[in-house]
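Trainee: Structure for the following, please:
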Amino acid sequence: MSTQRILQGRITENLIVEKRGAAGWITFNDPGRHNAVSYDMWDAIPQTLQALKEDPEIRVVVLTGAGERAFVSGANISQFDKLRSGEEAVQAYEKVAETAQLALYDYDKPTIARIKGYCIGGGLNIALCCDLRIASDDSTFAIPAGKLGLGYRMTAIRNLVTVVGPARALEIFLTAARYTADEAQARGLLHHVTPASELDQSVQDYVSQISVNAPLTLFAGKKMIRQMQQLGAEVDTQAMKQLVMACFESNDYREGRKAFAEKRKPDFTGT
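Mentor: Got it, this is the predicted structure:
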């Protein structure tokens with residue numbers, strides 16, 4: 001199978017885009033930071049997906065992380081003071097991240113998250129935007145927003161609830177606990193767990209199964225399923241955004257960032 005790199009020089013080098021036979025591959029490429037997703041990565045995702053959408057030979061898209069230690073370990077916290085502090089900065093960041101998330105969630109072609117290692121916070125949300133999630137048995141999962149004091153957007157909560165249901169979503173979100181791959185699968189987060197040595201073959205098996213199916217049939221079925229998962233008109237999305245902004249403007253968020261940098265437990269006050 002030939003591999004062709006595309007979009008090189010047009011998007012950040014922290015996102016590698018390749019065509020491998022009938023599959024497009026998107027690799028989050030910052031292993032030194034456990035592939036923490038940066039503003040530039042978020043910004044490049046819609047363009048990347050569009051390029052793969054326009055190639056009729058690509059039947060399925062795989063998302064993965066560079067190296068052996070992480071899929072995506074969350075948002076790049078080193079950017080928080082600059083890009084996620086202050087109302088205007090937070091709104092700008094949220095707009096770019098939300099646009100990327102929705103581009104992946106509403107994508108026309110089937111998507112697979114190939115997960116090895118850390119799949120945390122925003123990384124887990126990226127995986128939940130994909131249609132299928134396949135993980136090695138040494139992977140780790142969590143949504144640690146409660147440990148940082150940050151706001152978690154409504155559509156990300158929607159993604160979690162539609163995958164695992166309200167009861168499990170509450171457990172995962174309220175405890176901010178870390179789960180092994182087997183524990184994550186038991187909670188409905190994963191479709192398949194495999195030994196690390198068999199991960200690539202497992203992913204390829206799914207790619208092979210999907211790529212021979214009728215594209216228009218898959219497109220129609222996926223669109224219908226996604227329509228059933230949309231937020232209802234009765235949801236006050238503006239009020240939900242205000243709740244998120246209140247978290248980013250709180251003393252607890254400042255304490256969460258400081259505690260993370262100082263490698264200590266935060267002392268939250270609810271203010």
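Trainee: rest of the way, CA atoms for contacts and neighbours
Mentor: Will do.
Trainee: Residues touching stretch 224-237, excluding its own?
Mentor: Stretch 224-237 is touched from outside by Asp106, Met154, Arg158, Thr162, with contacts defined as CA atoms under 8 Å, 6 or more residues apart in numbering.
Trainee: any idea what sits nearest the most far-flung residue of the chain relative to its centre, other than its immediate chain neighbours?
Mentor: Distance from the C-alpha centroid of the chain peaks at Thr269, with 29.2 Å (CA atoms, centre = their mean). With sequence-adjacent residues excluded and distances taken as CA to CA, 6 or more residues apart in numbering, Thr269 is closest to Asp252, at 6.6 Å.
Trainee: ok, how many other residues are close to that neighbour?
Mentor: The tally of other residues near Asp252 (other CA atoms under 10 Å) stands at 22.
Trainee: What of Arg59?
Mentor: With neighbours defined by other CA under 10 Å, the count for Arg59 comes to 25.
Trainee: pretty sure it is in contact with Ala23, am I right?
Mentor: Yes: using CA atoms under 8 Å, Arg59 is in contact with Ala23, at 6.0 Å.
Trainee: intersection of neighbour lists for the two?
Mentor: Ser211.
Trainee: quick revisit: now the contacts of stretch 224-237: which count as buried?
Mentor: Restricting these to buried positions leaves Met154, Arg158, with burial counted as 16 or more other CA atoms under 10 Å.
Trainee: nearest to Phe248, of the contacts of stretch 224-237?
Mentor: Comparing the contacts of stretch 224-237 against Phe248 with CA to CA picks out Met154 as the nearest, at 14.2 Å.
Trainee: The closest one: what's its closest spatial neighbour, skipping adjacent residues?
Mentor: Going by CA to CA, 6+ apart, Met154 has Met240 as its nearest residue, at 6.4 Å.
Trainee: Tell me the spacing between the one you found and Arg153.
Mentor: 8 Å (CA to CA, to the nearest Å).
Trainee: Show me what counts as buried in stretch 22-30.
Mentor: For stretch 22-30, the neighbour count (16+ other CA under 10 Å) marks Ala22, Ala23, Gly24, Trp25, Ile26, Thr27, Phe28, Asn29, Asp30 as buried.
Trainee: repeat for stretch 189-205
Mentor: Leu189, Leu190, His192, Val193, Thr194, Ala196, Leu199, Ser202, Val203.
Trainee: Give the phi and psi angles for the nearest residue to the fifth one once chain neighbours are set aside, as a check.
Mentor: To tie it back to what came earlier, the one meant is Thr194. Ranked by CA to CA, 6+ apart and with sequence neighbours excluded, the top spatial neighbour of Thr194 is Ser136, at 5.0 Å. Phi and psi for Ser136, reported as degrees, to the nearest 10, are phi -80, psi 160.
Trainee: which SS class is Arg226?
Mentor: helix (DSSP: H, G, I helix; E, B strand; the rest coil).
Trainee: Residues touching the host helix or strand of Arg114, excluding its own?
Mentor: Using DSSP states H and E, the element containing Arg114 is strand 111-115. The contact list for strand 111-115, computed with CA under 8 Å, 6+ apart, reads 60-65, 70-71, 127, 130-136, 139, 199, 203.
Trainee: distance of the nearest residue to Leu243 once chain neighbours are set aside from Ser250?
Mentor: Nearest residue to Leu243, sequence neighbours excluded (CA to CA, 6+ apart): Gly151, at 7.4 Å. Distance, Gly151 to Ser250, using CA to CA: 10 Å.
Trainee: neighbouring contacts of stretch 253-262?
Mentor: Against stretch 253-262 from outside (CA under 8 Å, 6+ apart): Phe80, Lys147, Leu148, Gly149, Leu150, Cys247, Lys265, Pro266, Asp267, Phe268.
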